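[1] everything below, folded, please.
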Amino acid sequence: MANQSMSIIDAVDDLNENIFLPAIQREFVWDSDQIIRLFDSIMREYPIGSFLVWKLKGKPAEDQIKYRFVRHYIEDSVYPDEPEFEQLDHHNPKVPRHEESALPDTQRLILDGQQRLTAFFIGLQGSYTEKRKFAQYKNPNAWTQRKLYLNLFSDPEQELEDELGLRYDFAFKEDPPEPTENTFWFPVSDILQAETAVDAMQLTEDLDMGRFPKDKRFDAQQNLHTLFAALNDDTRIQYHEETTENQERVLDIFIRTNEGGTPLSKSEILLSMATARWTEDDGDVEVLNAREEITSFVDRLNTQYEDKGFTFSIDFVLKALLVLSDRPAEYRISNFSNENLGAMKREWLESSFKDDLLSALELIVEFGLDSQSLTSSNALIPIAYYIHDQDPDLSWESKEGNETRRRIHYWLTSALLNGTFNSRPDEVLQDARAAIKESDGEFPLDEIHHQMRGRGKVVGFSPDVVESLLEETTYRSQKSFLLLSLLYYPEPVKQNVTYQRDHIFPKSMLEVDTLVDDYGLSMEQAQRCKNLRDKVANLQLLTPKENAEKSDMDFEEWITTRTDDYYERHLIPSDGRLYRVENFPEFVERREQLVREDVSEKFGSFGEPT
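    Here you go, the predicted model:
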């Protein structure tokens, strides 16, 4: 390896011209605070670590799949399809094959240093776009595109009063605020206008600083000089060049050198391994870009049902691919051997893997689940494997389809409510896969539960399990929809209807002050009612229309005008005396008993050993 150096300005100028990213690289993962810290570090002349470059020339350079650095970064892959978002990237854009001929003969691919170089790129020539917390991803007004600014009145002798420990006041801003006595925000990209240090200091003359004290103008000149010097220092970026054409060696170097800094996650390592293996020419199987294929499919899973808020990961897709390829389910590096990666590549190309995973997702959405109630994404994998291996009838119209849905729903709710995947999930996946492979087409509920019991796991809905769920599950619990779905079985399995969780006795009605002031309860009675307010026994599933109708009426009027079908469907005690707020604790007690009896009747022997 040869030791080399360059300035930050020169490196940034070469990005996407003759400096690119190899396919084995991960995505940009830094947040805006990390970018700010990096710029503060170079201003303070702190070391920023060495870089590793893979230098290739001629056909080896042309043959490599390459990606561009992100200039205008947006922090999520789900964002509005609007013209103003077209220049933004969450993933690194791939260099198209038809553009290869226009690239220089000699190219440099960054093996170590992508995060830092991208940070410089964003700070000097780009932008960082963030979403307001809790805002909708597809709402254009939820996003703000910001550029990096430096407060020219920063005093490097004093540490700023924030958790970043900065000396220089950098910040991402949409527009620069008006100058104040202590702040004058300067777009960092404007330093590129200066060709010399003197030019940099003279920029203050164009900034209308005459109204500020001499010491502030001096601080501004010094800060601009420091910024220019840091960016133009020819020794600032120290890098080593690797010139081998051996991709296995490069992959090993990449993994080892990235153990420092922001460590590679296991998924990043495994995705790099898959990318290196899948881009090799197998002769009978086409070259495939694993990074592009898998990250695109992850995006598709997460945008398929945007309102459900799913956040599936690369880890999930790779594990699912292992399982559906009939490879060891353990998510460990040793299982990503060349042989297994080859099998996974064929599975990806030649089977219905992606469609089957999407079908499993569609099924649980029809069951009413979302990101909150799907407490383990691993629970989706056995369903996908069953669809992949057995190609079952899942229609609502047929008796067979209804029974299959019933069995899958029972297994899924049991697994999630009992925390089946909370420990040793790989064993669960392997046991489920083995049972499905030996089945005759029917979802092997009994066999899977038999295996789970043998491993000491709780399955099904025994009286003890139901008692525990009633005690622990509240409105805020991720398990509340799942438990309620048992009470309305088989509706969530048979009908594609949206349900909303709703308090039977309204939440607003059960505030302590309301109970005391409006209903005359004692403070002790009111506190007890509030403590019981969010328990499952005071929750029901309503359609949006039913929920709206309920909200428009006084509770006692609404509850007493319901039909017998409503009381039966929602397991509501028939004693009208219990609908008065002072009897709410007894209502909860009576409804809990109805829940126990209902679950026992419906599921007491279903999925149990015969």
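[2] can you tell me which residues contact residue 109?
    When contacts are counted by Cβ atoms under 8 Å, 6 or more residues apart in numbering, residue 109 is found next to 19-22, 53-56, 64, 66. (Glycine included, C-beta is placed from N, CA and C.)
[3] oh, that last question was meant for residue 465, not what I typed.
    417-418, 458.
[4] quick revisit: select from the contacts of residue 109 every entry located in strands.
    Among these, the residues falling in strands (DSSP state E) are 19-22, 53-56, 66.
[5] ok, and the most crowded of those residues?
    Neighbours here mean other Cβ atoms under 10 Å. Within the ones in strands among the contacts of residue 109, the largest count is held by residue 21, at 27 neighbours.
[6] for that residue, which non-adjacent residue is spatially closest?
    residue 67 (4.3 Å; Cβ to Cβ, 6 or more residues apart in numbering).
[7] also residue 81?
    On the basis of Cβ to Cβ, 6+ apart, the spatially nearest residue to residue 81 that is not a chain neighbour turns out to be residue 138, at 7.9 Å.
[8] hmm, that neighbour is touching residue 85, no?
    No: judged on Cβ atoms under 8 Å, residue 138 makes no contact with residue 85 at a distance of 10.4 Å.
[9] any shared contact partners between the two?
    Contact with both residue 138 and residue 85 is made by residues residue 79, according to Cβ under 8 Å, 6+ apart.
[10] other SSEs contacting the helix or strand containing residue 531?
    Element membership of residue 531 [criterion: DSSP states H and E] is helix 523-532. Using 3 or more Cβ pairs under 8 Å, 6 or more residues apart in numbering; DSSP states H and E as the contact criterion, the secondary-structure elements in contact with helix 523-532 are helix 512-517, helix 584-603.
[11] now find how far off-centre the next helix or strand after that helix is within its chain.
    Following the chain from helix 523-532 toward its C-terminal end, the next helix or strand by DSSP H and E is strand 539-542. Per Cα atoms, centre = their mean, to the nearest Å, the displacement of strand 539-542 from the mean C-alpha position of its chain is 29 Å.
[12] again with stretch 247-260
    Taking the mean of its C-alpha atoms, stretch 247-260 sits 26 Å from the chain's own mean (Cα atoms, centre = their mean).
[13] just to revisit the earlier point, and the gap between the residue nearest to residue 21 and residue 310?
    From residue 67 over to residue 310 the distance is 26 Å, taken as Cβ to Cβ, to the nearest Å.
[14] pipe the contacts of residue 109 into TSV and attach pLDDT per row.
    Formatted as TSV, the entries for the contacts of residue 109 read as follows, by pLDDT from 0 to 100:
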residue	pLDDT
19	96
20	96
21	93
22	87
53	93
54	92
55	93
56	92
64	82
66	87
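[15] residue 599: which of these is nearest?
    residue 21 (53.9 Å; Cβ to Cβ).
[16] who touches the helix or strand hosting residue 565?
    Element membership for residue 565 (DSSP H and E) is helix 564-569. Residues outside helix 564-569 that contact it (Cβ under 8 Å, 6+ apart) are 488, 572, 574.
[17] can you get me a residue count around the residue nearest to residue 21?
    For residue 67, the count of nearby residues is 23 (other Cβ under 10 Å).
[18] if I read this right, it contacts residue 16, doesn't it?
    No: counting by Cβ under 8 Å, residue 67 stays clear of residue 16, with 9.4 Å between them.
[19] just the strands in the chain please.
    Taking DSSP E to define them, one finds strands in the chain at 2-6, 19-22, 51-57, 66-67, 72-74, 106-112, 127-131, 143-151, 170-173, 185-187, 237-242, 500-503, 539-542.
[20] could these go into CSV alongside distance to residue 427?
    Below are the strands of the chain laid out as CSV (distance: least, Cβ to Cβ, whole Å):
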stretch, distance to residue 427
strand 2-6, 49
strand 19-22, 36
strand 51-57, 39
strand 66-67, 37
strand 72-74, 39
strand 106-112, 37
strand 127-131, 38
strand 143-151, 43
strand 170-173, 46
strand 185-187, 55
strand 237-242, 41
strand 500-503, 33
strand 539-542, 33
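[21] which one of the ones you listed lies nearest to residue 438?
    Evaluated with Cβ to Cβ, the strands of the chain place strand 539-542 nearest to residue 438, the distance being 35.8 Å.
[22] what strands line up against the closest one, and which way round?
    With DSSP bridges as the criterion, the sheet partners recorded for strand 539-542 are strand 500-503 (antiparallel).
[23] list the buried residues for the strand it pairs with?
    In terms of neighbour count (16 or more other Cβ atoms under 10 Å), strand 500-503 has its buried residues at 502-503.
[24] same check on stretch 70-77?
    By neighbour count on 16+ other Cβ under 10 Å, the buried set for stretch 70-77 is 70-74, 77.
[25] what does stretch 98-112 give?
    103, 107-112.
[26] repeat for stretch 369-389
    369, 373-375, 377-389.
[27] same question, stretch 454-466
    Neighbour-count burial for stretch 454-466 flags 457-461, 465-466 (criterion: 16+ other Cβ under 10 Å).
[28] ok, back up a step: check the gap between the residue nearest to residue 21 and residue 299 for me.
    Per Cβ to Cβ, residue 67 is found 16 Å from residue 299.
[29] poorly predicted segments of the stretch 451-600 of the chain, please.
    492-497 (pLDDT under 70).
[30] can you tell which of the strands of the chain is closest to residue 555?
    Ranking those by distance to residue 555, with Cβ to Cβ as the measure, places strand 500-503 first at 9.7 Å.
[31] can I get that closest one as PDB, trimmed to CA atoms?
    Backbone C-alpha positions of strand 500-503 (Å, rounded to 0.1, in the frame of the first residue of the first chain) are rendered in PDB as follows:
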ATOM      1  CA  GLN A 500     -59.900   0.800  15.600                       C
ATOM      2  CA  ARG A 501     -59.200   0.200  19.300                       C
ATOM      3  CA  ASP A 502     -61.700   2.100  21.400                       C
ATOM      4  CA  HIS A 503     -62.400   2.600  25.100                       C
END
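[32] so where's this protein uncertain?
    Within the chain, the stretches falling below the threshold (pLDDT under 70) are 1-2, 161-163, 258-266, 280-286, 333, 492-497, 604-610.
[33] what about the residue of it most remote from its centre, distance to residue 288?
    Distance from the centre of the chain peaks at residue 214, with 49.9 Å (Cα atoms, centre = their mean). Residue 214 sits 64 Å away from residue 288, taking Cβ to Cβ as the criterion.
[34] just residue 246 next, same as before
    Applying Cβ to Cβ, one obtains 21 Å for the distance of residue 246 from residue 288.
[35] all helices for the stretch 151-300 of the chain, in order.
    Using DSSP state H, counting those that start in this stretch, the helices of the stretch 151-300 of the chain run over 197-202, 214-232, 247-257, 266-278, 290-304.
[36] of these, flag the one that's most buried.
    Neighbour counts averaged per stretch over the helices of the stretch 151-300 of the chain are highest for helix 266-278, at a mean of 22; criterion: mean count of other Cβ atoms under 10 Å.
[37] so what's residue 109 bridging to?
    Bridge pairing for residue 109 (DSSP bridges) gives the partners residue 20, residue 54.
[38] re earlier: what's the closest of the buried residues of stretch 98-112 to residue 444?
    Compare each of those with residue 444 using Cβ to Cβ and the shortest gap goes to residue 111, at 46.8 Å.
[39] surely the closest one and residue 253 touch.
    Yes: using Cβ under 8 Å, residue 111 is in contact with residue 253, at 6.2 Å.
[40] what touches both of those two?
    52, 242.
[41] now what about stretch 589-599, what contacts it?
    Residues external to stretch 589-599 that are found in contact with it (Cβ under 8 Å, 6+ apart): 461, 463, 466-467, 470, 486-487, 504, 535-538, 571-573, 575, 578.
[42] the residues you listed, buried ones only, as a PyMOL selection?
    If you want just the buried ones from the contacts of stretch 589-599 in PyMOL, going by 16+ other Cβ under 10 Å, the selection is:
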select buried, resi 461+466+470+486+487+504+535+536+537+538+571+572+573+578
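[43] show only the entries of the contacts of stretch 589-599 found in helices.
    463, 466-467, 470, 486-487 (DSSP state H).
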